[in-house]
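**Student:** Fold the following and give me the result.
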Amino acid sequence: MTKQYSLSKHPEYGYFEVTPTPSPATIKEYYVNEFYAQKSDDKINDSTLEVQNESKVFYESWRSDLNNIIRQYLGNGTLEILDFGCGWCETIQYFSTHNYQCFGIDPAEDAIEHGKNLGLNVRQTDSNNFNPFEQKFDVVLLQNVLEHLANPEFVIENIHNTMLKDNGLLIIDVPNEFNDFQVAANELFGLDEWWVVPPAHLNYFSPNSLNALLEDKGFNVLDKMSSFPLEMFLLQGNNYVKNPALGKQSHQQRVNFELNLRKLGKTEVLHDFYRGLADMGLGRQILMISQRKKT
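**Tutor:** Predicted structure coming up:
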């Protein structure tokens, strides 16, 4: 971890926060100019367009799952969906072909220009204006976004109060940090809490802390899943932190695991496995489906 920062545990919800909070200028510079560019031959950043395209079938499978989950709760009519932190717009490209009116916001100018060139309804925004469309949506997606924001409580409150229709869905996907496999690998190999990376990540959630935040801010949590526990590869001796080339191999093994189960008609088995991991606090990511309580 960058030494000018430390972590403190939120007294009410239990997630960890970077202190002191980096300045808005520092956060903006990183998020706009560096975040989407971090890809090399031996390091995976899932937010780059190149990585998204390389694993398109893998990511499209999860978008299909999200569509099925949304339809389970909101039905099959036309829905309005906002991708909060839309990045290179792959998600709203997918949903735009599945009976959704799609909207996207992101601070990265290049990503927004890319979306506009695709004919999508996207706008560049910042921490002062979360809803430039000035309307409410049936679904708001926060995929790998909440960990980057300086005030996650304010963001969740804002979404609840001004951005979601009654019974609208808030779907959040964040890294699952300080999980037992991660902590064990850190202790075993002396890896200096490699996942703590300010100013990129300012908040570090677990299933319990994210659930507590959502419930307190007016949401009912309907479902939660983790993703494949990549730290298991570390505990097997594949130290992708010290040898990042192994990270790409581990990612591909995870992709193969999921795609093979899907190919064999075992998607629900996969989901139940990931629900079990979430209950145990394990897995690399947390996917949480919540619904706005009526006021």
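**Student:** Show me the helices in the stretch 51-200 of the chain, by range?
**Tutor:** For the stretch 51-200 of the chain, the helices defined by DSSP state H, counting those that start in this stretch cover 56-74, 90-96, 109-117, 152-158, 180-189.
**Student:** any idea which of these is most buried?
**Tutor:** Ranked by mean neighbour count under mean count of other CB atoms under 10 Å, the helices of the stretch 51-200 of the chain are led by helix 90-96, which reaches a mean of 20. No exception for glycine: its C-beta is placed from N, CA and C like everyone else's.
**Student:** Which residue ranges of this protein form strands?
**Tutor:** For the chain, the strands defined by DSSP state E occupy 6-9, 16-19, 79-84, 100-106, 122-124, 137-143, 164-175, 203-204, 219-226, 285-292.
**Student:** Nearest to residue 59, out of those strands?
**Tutor:** Nearest to residue 59 among the strands of the chain is strand 137-143 (10.3 Å), distances taken as CB to CB.
**Student:** Other residues contacting that closest one?
**Tutor:** Under the criterion CB atoms under 8 Å, 6 or more residues apart in numbering, residues 66, 70, 74, 79-85, 91, 100, 103, 155, 159, 163-165, 168-174 lie in contact with strand 137-143.
**Student:** So what's the gap between it and the chain middle?
**Tutor:** On the basis of CA atoms, centre = their mean, to the nearest Å, strand 137-143 sits 12 Å off its chain's mean C-alpha point.
**Student:** quick one: that strand to strand 79-84, angle?
**Tutor:** 30 degrees (axes from the mean of the first three to the mean of the last three CA atoms, to 10 degrees).
**Student:** before we move on, the earlier item: out of the helices of the stretch 51-200 of the chain, which gets nearest to residue 263?
**Tutor:** Distance to residue 263, taken as CB to CB, is lowest for helix 56-74 among the helices of the stretch 51-200 of the chain, at 10.1 Å.
**Student:** the inter-axis angle of the closest one versus strand 164-175?
**Tutor:** Between helix 56-74 and strand 164-175, the angle comes out at 150 degrees (the same axes, to 10 degrees).
**Student:** Could you list every helix and strand in contact with helix 56-74?
**Tutor:** helix 90-96, strand 137-143, strand 164-175, helix 245-263, strand 285-292 (3 or more CB pairs under 8 Å, 6 or more residues apart in numbering; DSSP states H and E).
**Student:** Could you export the ones you listed to a markdown table, including columns for distance to residue 111?
**Tutor:** Formatted as a markdown table, these follow (distance: least, CB to CB, whole Å):
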| stretch | distance to residue 111 |
| --- | --- |
| helix 90-96 | 10 |
| strand 137-143 | 13 |
| strand 164-175 | 17 |
| helix 245-263 | 22 |
| strand 285-292 | 21 |
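**Student:** can I get those in a markdown table with mean pLDDT?
**Tutor:** Converted to a markdown table, these look like this (pLDDT from 0 to 100):
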| stretch | mean pLDDT |
| --- | --- |
| helix 90-96 | 96 |
| strand 137-143 | 98 |
| strand 164-175 | 97 |
| helix 245-263 | 96 |
| strand 285-292 | 98 |
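**Student:** out of those, which comes closest to residue 218?
**Tutor:** Among these, strand 285-292 comes nearest to residue 218, with 6.5 Å by CB to CB.
**Student:** Which strands border the closest one, and is each parallel or antiparallel?
**Tutor:** With DSSP bridges as the test, strand 285-292 is paired with strand 164-175 (antiparallel), strand 219-226 (antiparallel).
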